[in-house]
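**Q** heads up, no residue letters with this:
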C-alpha cells in the first residue's frame, strides 16, 4: 500500500468517485489507500459536495509550506511519552479529528476534542491548545463552549489558578446523557404540540409518533450507556497491570 502524500492524480480519482456517489471505502480501494486517508482528505477540503481536486492539491502544498516556515531549522519534534512516534501521533490526531467531523462535529471543535482526548493527562490549558493547534485563543474558547454544551468537556482550575479544559474517561457516557436530556425536551415539546393540533389530526398523530419514537430510543440508549459504563469501563493502571488470563464470565 503506497504511503506519503496523495498525488494530484489520486485527488482527481477521489473527486470522480465522489461525483459517482461512491463510498469513501470504495474510493480508497480504487486508489489503494486507507479509508481514513480519503475521509480526512475530503473533510479537510470542503466535504463531499464541495471537494475539488485542484483546490485540495494547492491547499495541501500551502499547508506544507506553512509548516516548513513555522519550524525552525534543525528543530526536532519534542520527544513523545511512552516512546510514541511523533509523526504517527500527528497523523493519527488528524485522522481522529476527521472522523469526528464526518460524524457532524464542526472542524475546530473536532480538532480540540482530538487534541484533548489524545493527551495522557486528558487536560490542557487554552494557551496549550492554541499552541498545539496554531489557532487563536478565541477559537479555542468557542470550541470549548460547544464541547461543554455537548457533554464532551469541562473546565477546572489547576494549582496555579489556570483554567484547564478536561475530557474525562467517561466523556461519551456524559455526552449521551446530555443528548438524552436534549431529546427529552423535544419529546415534551412534541407532546405539547399534540394538544395544540389535536390528537386525531394528521399533524397531531405525526407529533405523537415523533414523541413516542424518541422517548423509546432515548430510554433504550440511556439504559445501555449506564450498563456499558459499569461493565466495560477500564482504567489505565488496570489495563497495564492485568497480565493474567482474561476472565471468563462463562460457567
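**A** Sure thing, it's come through. This one's a predicted model, so the numbers in the text were calculated from it and none came from an experiment.

**Q** Just give the number of residues close to residue 91.
**A** If you count neighbours by other CB atoms under 10 Å, residue 91 ends up with 14. (Glycine included, C-beta is placed from N, CA and C.)

**Q** Doesn't it lie inside a helix?
**A** Yes: counting by DSSP: H, G, I helix; E, B strand; the rest coil, residue 91 is found in a helix.

**Q** From the centroid of this structure, which residue is nearest?
**A** residue 100 (2.5 Å; CA atoms, centre = their mean).

**Q** what helix or strand is the closest residue to it other than its chain neighbours on?
**A** Of all residues not flanking residue 100 in the chain, residue 110 sits nearest, at 3.8 Å (CB to CB, 6 or more residues apart in numbering). According to DSSP states H and E, residue 110 maps onto helix 107-117.

**Q** buried residues in that helix?
**A** Buried residues in helix 107-117, counted by 16 or more other CB atoms under 10 Å: 108, 109, 110, 111, 112, 113, 114, 115, 116, 117.

**Q** Residue 56 is in contact with residue 45, isn't it?
**A** Yes: using CB atoms under 8 Å, residue 56 is in contact with residue 45, at 3.9 Å.

**Q** quick one: low-confidence ranges for the stretch 1-150 of the chain?
**A** Applying pLDDT under 70 to the stretch 1-150 of the chain flags the ranges 1-3, 63-64, 66-79.

**Q** For residue 163, give the beta-bridge partners.
**A** residue 157 (DSSP bridges).

**Q** if we can go back for a sec, relative to helix 107-117, how tilted is the helix or strand the residue nearest to the centre of the chain falls within?
**A** Using DSSP H and E, residue 100 sits in helix 86-102. For helix 86-102 against helix 107-117, the angle by axes from the mean of the first three to the mean of the last three CA atoms, to 10 degrees is 130 degrees.

**Q** Please enumerate the strands of the stretch 151-251 of the chain.
**A** 154-157, 163-166 (DSSP state E, counting those that start in this stretch).

**Q** contacting residues around the last one?
**A** With CB atoms under 8 Å, 6 or more residues apart in numbering as the contact definition, strand 163-166 has outside contacts at 112, 116, 122-126, 129, 144, 147, 153-158.

**Q** Having no further points to raise, I will conclude here.
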